[in-house]
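Q: no sequence on this one, just coordinates:
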Ligand code: ADP
Ligand code: MG
C-alpha cells in the first residue's frame, strides 16, 4: 500500500536544523494496525502529515499503491487526501459552526457526492461510531469522546483506504480512550491504520505492529513488511468544491457571530450610505432643474433676430470690460471700434433660410413663429379726436402730440410684444402661459391684449402711450379698457411725399382713420402670467399676434415710402445717412423687408432643443462669417450653467463619499484577515479533507461577498430611509418637495459596487489563507 524510501524532512529555524524525518524507509501493508511510538518531538506528526499528503518531504520518495509521488501536482495530493486518506487528530478538529452532519459530509461534498447519498453515508458512519442519538446536536454540545467519534465518522465517511490517527486518545480519559481504541481496532480490519502515540501500553494492547521512532529515525519495527513494490494501481478522483458549499461554509460561520457581522456590515455600509444620499440628492436636484428647464424652455424660444450680437466676438473682444484686462503701461492713445458694435452681426435671413427652418421636424418644434418687427402707424380717438399713439412702454416726453418728428421716431421703435398665434404643442401659446383676468383670449389677428404682472400691475407708460389719462397706482376699470379700439393706418395714408423726395407723416388724422386700408384693433383681454416661469416672456403692456404684423407688412411692402427707402441709402424721413444696420431696421420698420425680422423656434422639450440648435449650426457650417445666421438660446445659457454646476457639486460629493467606500473596503480586508486567522484550523481541516487552494479562496471570497452584499443592501436601505428626513428638512428650508430621490438603478449599482469592492478587498487575505501550509494550519491552536 505505502512504500516510504529514504524520506527526509528538515526544518531550518535560524541556525538550527531540526531533522524531523531523517532517512525513513518503511513499507505498510494494505491492511494492518500500525502504532508508531515515540517521544514528543521525535517526528511522528511530521511522518503522518507527509504520509497523508498534508506536508511535503524534502527528499526520498513516497509510493502509494505503486505510484511514485515525486511528480505529484497539487491537485494529485488534493485528490489523494480526499479519496484515499482519512485523518483523526488529537484535538478532533471539528468545525464548530457546522452541524455534526455537515462536518461528516464535508469530505464527500468536496469529492462531489450527491446530496442524498452524502447524508445517507454520513448517517451510517455516525451510527457506526455510536452517535446515532446525537446526530442533531451541535458540536459544542458534545463531549470530547463524542467529538472524536464525529472526527472518526468524518474520516470514515469517504471509506478511505488509509486511516491516519495522530494521538487520537491524547485528550481523553482512560475509559473513553478504550472505547475509541476499540473502534479504531475494528476499523483496522478493513484498511491500513497508522496511529501515532506516545503511550506504549495502548500500542501494545491494540496494534498489530509497533514501530519505535526517535529523532526522525526508525529504531525498531515489530513486523516489517518486506514485500516488493506492487504494480501501479492508483486512481483517485479530482476534488472540487461548489460555490454553494463555499457559501454555506461562510454563511454558517457568519451566523455564529451575528453581532460582530452586523457591526461590520453597518460600519462598511457607511460608504454606500453617503454615496447613496449624494446621488439621491443630486438626482432629485437634477430632476427639479430639468423640470424647471423644460418649463422654462417651453417659454424661452430660440430666437433669430435680424440684428444680433455675436456672443463669441463679445467675449473675446480686447476690451476693458473684460475684467481680466490689466491697465496698460503707456501713454499712447488709440482709436478702437466699440466692442459692442464690433460684435454686431446682421443675420441675412433669406427665403432659402426660411425654407431651411421650415424643414425642422415637427417632433422637434411644433411651432416656429416668423414675426416682423414692423412698426405700426397707430391712431386712437381721445376726447373725440384722433391722435397718434404707440404700444411703446418707454416714457414719451413729448407733450406736443402734433410734433411729427418726435412721433415719427418713437413710432419706428418697436412697441409692445408679439406673441405666436399658432398652436404651440397641443395648446395655444397664450392659453398655455397666460390666464384671463378680464375679457377673453384673442380670436382674430386684430384682437390685442394687455399683459399684467403677477400683482396685476400694468405698465403705466404703455397705458399713457395709448392716450389714456391714468395716474400711477390708480385702480383701473377693466370694462373701460376692454373694447378700446385703435386704428392701424397703412403707410400710404400715413406718410406724404414732399417735393424734396423725403417723406413726413400726414396730420389729418380724421381722414387717416377713415381710409379704407385702415384696420381697427380691439383690446379684448387683460391677461396675467400663469406661473413664475412664463413671467416676462411678453413684456408688461400691449401684446399683439404675429399674424397682425404679417398682415401689416403685407399691406405696407409696396407702399411709396417703403419703395423709396429700398432705393435709398439715406433715411427718407430725416435725410440722415444710414448705417447698414440702421437701414435694415428701417426697411423692416416700414414693411419694405417682407422676410421675417424675428424668428422664434419653440422646442418641444429639452432634448429636442439640442436637435434644433444642432440643425441651426449645420446651416452655418462652411459659411463665411458674413452669411452665418446667429441665434440666441437664452434658456440654454441659463440651464447649461446650472446643470454644469450641479454636476460639479455631485462629482465632488461622490468623490468624498468614495473615500469612505475605500475605507470600508480596507475594513473588510482587515475583517477577512482576522477571519482567516481565526479559521486557520478550519483551513487545515478542509485541506485534510482534500480541498484545493481554489476552494479555500472560494470560502473566504464567499464570506466577503456575503458581507459586501449585506453592507450594500443595508447601506441602500439606510440611505433610502434617510431621504425622508432629508426631504422634510429640505422642504422646510427651500420649499422644494421630494428632492432626495434614490434612483433604483443607482441602488442596484451601489450594491454591486459594494459587493465587488469588498470581495476585492477580501481577496488578498483569502489568497493568503489558501496558501497556508495545511500541516502548520493544523498545528495552530
Ligand atoms: P512529534 O509529533 O513526534 O511530537 P513533530 O513531528 O511534531 O514531533 O516535530 C518534529 C520536530 O520537528 C520537532 O522538533 C518540531 O519542533 C519540529 N517541527 C515540526 N514542525 C515544524 C515547523 N513547521 N517548523 C520548524 N520546526 C518544526
Ligand atoms: Mg505530534
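A: Ah, there it is. Keep in mind that what you see is a predicted model, and the values were worked out from it rather than measured. Numbering: from 1, shown residues only. Ligands and ions are numbered 1, 2, ... in the order given.

Q: Looking at the stretch 651-781 of the chain, which residue is nearest ligand 1?
A: residue 776 (5.4 Å; Cβ to the nearest ligand atom). Any C-beta I mention is one placed from the backbone N, CA and C, and that applies to glycine too.

Q: That residue: what secondary structure?
A: Classification of residue 776 using DSSP: H, G, I helix; E, B strand; the rest coil returns helix.

Q: Flag every residue of this protein that's near ligand 1.
A: Counting by Cβ under 6 Å from any ligand atom, the chain comes close to ligand 1 at 11, 13, 18, 20, 38, 40-46, 776.

Q: Take the residues you listed and keep only those in strands.
A: Among those, the members falling in strands (DSSP state E) are 11, 13, 18, 20, 38.

Q: next SSE after the strand or helix carrying residue 180?
A: Element membership for residue 180 (DSSP states H and E) is helix 174-187. Remark: after helix 174-187, the chain's next helix or strand is strand 192-197, criterion DSSP H and E.

Q: which helices and strands sit right next to the next helix or strand after that following strand?
A: Counting by DSSP H and E, the next helix or strand C-terminal to strand 192-197 is helix 200-206. Applying 3 or more Cβ pairs under 8 Å, 6 or more residues apart in numbering; DSSP states H and E, we find helix 200-206 packed against strand 32-38, helix 174-187.

Q: Lowest average pLDDT across these?
A: Here the lowest mean pLDDT among the helices and strands packed on helix 200-206 goes to helix 174-187, at a mean of 91.

Q: Distance from the chain centre to that one, please.
A: Taking the mean of its C-alpha atoms, helix 174-187 sits 64 Å from the chain's own mean (Cα atoms, centre = their mean, to the nearest Å).

Q: For residue 88, give me phi and psi.
A: Taking degrees, to the nearest 10, you get phi -130, psi 130 for the backbone angles of residue 88.

Q: burial count for residue 461?
A: Using other Cβ atoms under 10 Å, residue 461 has 17 other residues around it.

Q: which other residues reach stretch 658-666?
A: For stretch 658-666, the external contacting residues (Cβ atoms under 8 Å, 6 or more residues apart in numbering) are 267-272, 274-275, 711, 753-754, 757-758, 760-761.

Q: For the helix holding residue 180, buried residues please.
A: 176, 177, 179, 180, 181, 183, 184, 185, 187 (16 or more other Cβ atoms under 10 Å).

Q: The second one contacts residue 206, correct?
A: Translated: residue 177. No: the pair residue 177 and residue 206 does not pass the contact test of Cβ atoms under 8 Å, sitting 10.3 Å apart.

Q: Now residue 695: closest residue in space that isn't a chain neighbour?
A: Excluding its sequence neighbours, the residue lying closest to residue 695 (Cβ to Cβ, 6 or more residues apart in numbering) is residue 241, at 3.7 Å.

Q: Now rank the residues of the chain next to ligand 1 by neighbours and give me the top one.
A: residue 44 (26 neighbours).

Q: now it: how far from residue 720?
A: Residue 44 is 60 Å from residue 720, where distance means Cβ to Cβ, to the nearest Å.

Q: Likewise for residue 649?
A: Taking Cβ to Cβ as the measure, residue 649 falls 21 Å from residue 720.

Q: higher neighbour count, the two?
A: Each of residue 649 and residue 720 has its neighbours counted (other Cβ under 10 Å); residue 720 has more, 18 against 14.

Q: Quick check: nearest residue in space to the more buried one, chain neighbours excluded?
A: Nearest one to residue 720, counting by Cβ to Cβ, 6+ apart, is residue 742 at 5.1 Å.

Q: So what's the predicted local confidence for that neighbour?
A: 87.

Q: Equivalent analysis for residue 410, please.
A: Residue 410 is given a pLDDT of 43.

Q: now swap in residue 599 and tell me
A: Looking at residue 599, its pLDDT is 85.

Q: tell me the phi and psi of it?
A: Residue 599 adopts backbone torsions of phi -120, psi 130, taken as degrees, to the nearest 10.

Q: Distance check, it against ligand 1.
A: Here residue 599 is placed at a distance of 88 Å from ligand 1 (Cβ to the nearest ligand atom, to the nearest Å).

Q: ok, the closest residue to that residue other than its chain neighbours to residue 179 distance?
A: Closest residue to residue 599 apart from its sequence neighbours, by Cβ to Cβ, 6+ apart: residue 304 at 4.3 Å. Residue 304 sits 101 Å away from residue 179, going by Cβ to Cβ.

Q: Now stretch 266-284: buried residues?
A: Residues of stretch 266-284 classed as buried by neighbour count (16+ other Cβ under 10 Å): 268-284.

Q: so for that stretch, what's the average pLDDT?
A: Stretch 266-284 carries an average pLDDT of 86.

Q: Stretch 512-529 now?
A: For stretch 512-529, mean pLDDT is 92.

Q: what number of residues lie near the residue nearest to residue 695?
A: 24.

Q: do residue 569 as well
A: When neighbours are counted by other Cβ under 10 Å, residue 569 registers 10.

Q: Skipping its backbone neighbours, what lies nearest it in space?
A: Nearest in space to residue 569, with sequence neighbours left out and distances taken as Cβ to Cβ, 6+ apart, is residue 578 at 6.1 Å.

Q: ok, now which ones touch the one you found?
A: If you count contacts by Cβ under 8 Å, 6+ apart, residue 578 has them with 569, 570, 571, 586.

Q: got the phi/psi numbers for the first one?
A: It refers to residue 569. Note on residue 569: its backbone torsions stand at phi -100, psi 0 [degrees, to the nearest 10].

Q: So it is in contact with residue 583, correct?
A: Yes: using Cβ under 8 Å, residue 569 is in contact with residue 583, at 6.8 Å.

Q: OK, now which residue of the stretch 51-200 of the chain is nearest to ligand 1?
A: Taking Cβ to the nearest ligand atom, the stretch 51-200 of the chain has residue 196 as its residue nearest ligand 1, at 6.6 Å.

Q: which residues touch the helix or strand hosting residue 3?
A: Using DSSP H and E, residue 3 falls within strand 2-13. The contact list for strand 2-13, computed with Cβ under 8 Å, 6+ apart, reads 17-28, 43, 46-47, 50-51, 55, 57-64, 162, 192, 216, 229.

Q: mind running it again at 7 Å?
A: 17-28, 46, 50-51, 57-64, 229 (Cβ atoms under 7 Å, 6 or more residues apart in numbering).

Q: Can you tell me which of those residues are classed as buried?
A: Buried members of the contacts of strand 2-13, scored by 16+ other Cβ under 10 Å, are 20-22, 24, 26-28, 46, 50-51, 57, 60, 62-64.

Q: Strands of the stretch 451-600 of the chain, start to end?
A: Here the stretch 451-600 of the chain has its strands, by DSSP state E, counting those that start in this stretch, at 485-488, 495-497, 503-505, 519-529, 541-545, 598-603.

Q: which helices and strands does the last one pack with?
A: Contact here means 3 or more Cβ pairs under 7 Å, 6 or more residues apart in numbering; DSSP states H and E; on that basis strand 598-603 packs against strand 302-305, strand 365-371, helix 606-620.
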